[in-house]
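Peer 1: Turn this into a structure:
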Amino acid sequence: MRWVRTGHRSRKLKAPCKRRVNTGCACCWSARKQSCKRNWIGTPVPPTEAGLPPANSCVAKQSVRLRLLNLVRHHHNLVRIDVYVNGRHRVKETVRFVHVKVHGHRRLVKKGRWHNVTLRNLPQTGSVVIKVVGTTSRHYHLISKQTYKAC
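Peer 2: Predicted structure coming up:
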C-alpha cells in the first residue's frame, strides 16, 4: 500500500497504479509518481452521438465508417478528435482556430473542415474495440467506446 494525496487529505490506495499518465485524478498528484488505473478522464458520450456504428453490426469487411460529423454537430467547440483501435492510436483529426478582426473586434474563426473517417485493415478475428476521444477548446475530453465482433 502507498499513500495518495487527494486535495488537502491523504488516504491509502490499495491497488498500485499501472499507467504513467499525468491526468489529474485522485492518485495522479505528481507527474513523477505512477498514475491511476484509469487512463482517461472525461465525459462519456453515447456511441451513436459520436458517430460509431451500432454494436450488433459485424466488421466482416474489416472496415468501419465513423461519422465524426455527428460528434461535431452535438459539440461545436471541438478542436481535435482521436480514434483508437484496440488501444492503438489510428486517426487524428484537428481544426485550427485563428483570430480575425471583424468590425474592429477580434474574433476566433475556425479554419479547416471536419471529415468522416473509414477505418480499414481491422483484425479479422476476435473483437475490436474502437474509442473516439474528442478534445474541446477548453481541453475537456469527450469519450465514446464501442466493441465489435470480427466475423
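
Peer 1: When you work out contacts or count neighbours from here on, use the C-alpha atoms and nothing else.
Peer 2: OK.

Peer 1: My read is that R90 contacts I81, right?
Peer 2: No - between R90 and I81 there is no contact under CA atoms under 8 Å: 10.9 Å.

Peer 1: So the two - more neighbours on which side?
Peer 2: I81 (22 against 12; other CA atoms under 10 Å).

Peer 1: Okay, and the more buried one sits in which element?
Peer 2: Using DSSP states H and E, I81 sits in strand 78-85.

Peer 1: what's the helix or strand encompassing L142 packed up against?
Peer 2: Here L142 is covered by strand 141-149, with elements defined by DSSP H and E. Contacting strand 141-149 under the criterion 3 or more CA pairs under 8 Å, 6 or more residues apart in numbering; DSSP states H and E are the following elements: strand 43-44, strand 127-136.

Peer 1: got the ones you listed as CSV, with distance to C58 and mean pLDDT columns?
Peer 2: Output for those, formatted as CSV (distance: least, CA to CA, whole Å; pLDDT from 0 to 100):
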stretch, distance to C58, mean pLDDT
strand 43-44, 23, 90
strand 127-136, 10, 92
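
Peer 1: Identify whichever of those strands lies nearest to A150.
Peer 2: Among those, strand 127-136 comes nearest to A150, with 5.5 Å by CA to CA.

Peer 1: contacts for that closest one?
Peer 2: 50, 77-87, 122, 141-150 (CA atoms under 8 Å, 6 or more residues apart in numbering).

Peer 1: What strands flank it, and is each parallel or antiparallel?
Peer 2: Strand 127-136 has its sheet partners listed here by DSSP bridges as strand 78-85 (antiparallel), strand 141-149 (antiparallel).

Peer 1: Which of those sits closest to N56?
Peer 2: strand 141-149 (7.1 Å).

Peer 1: quick one: average confidence on that closest one?
Peer 2: Mean pLDDT, computed over strand 141-149, is 92.

Peer 1: Output that strand as CSV, nothing but the C-alphas.
Peer 2: What follows is strand 141-149, C-alpha atoms only, in CSV (Å, rounded to 0.1, in the frame of the first residue of the first chain):
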residue,chain,number,x,y,z
HIS,A,141,-12.3,15.1,-23.2
LEU,A,142,-15.5,13.5,-24.7
ILE,A,143,-15.0,9.8,-24.8
SER,A,144,-17.0,7.1,-26.6
LYS,A,145,-16.2,3.4,-26.7
GLN,A,146,-17.8,0.6,-28.7
THR,A,147,-16.9,-3.1,-29.0
TYR,A,148,-17.5,-5.0,-32.3
LYS,A,149,-17.1,-8.7,-33.3
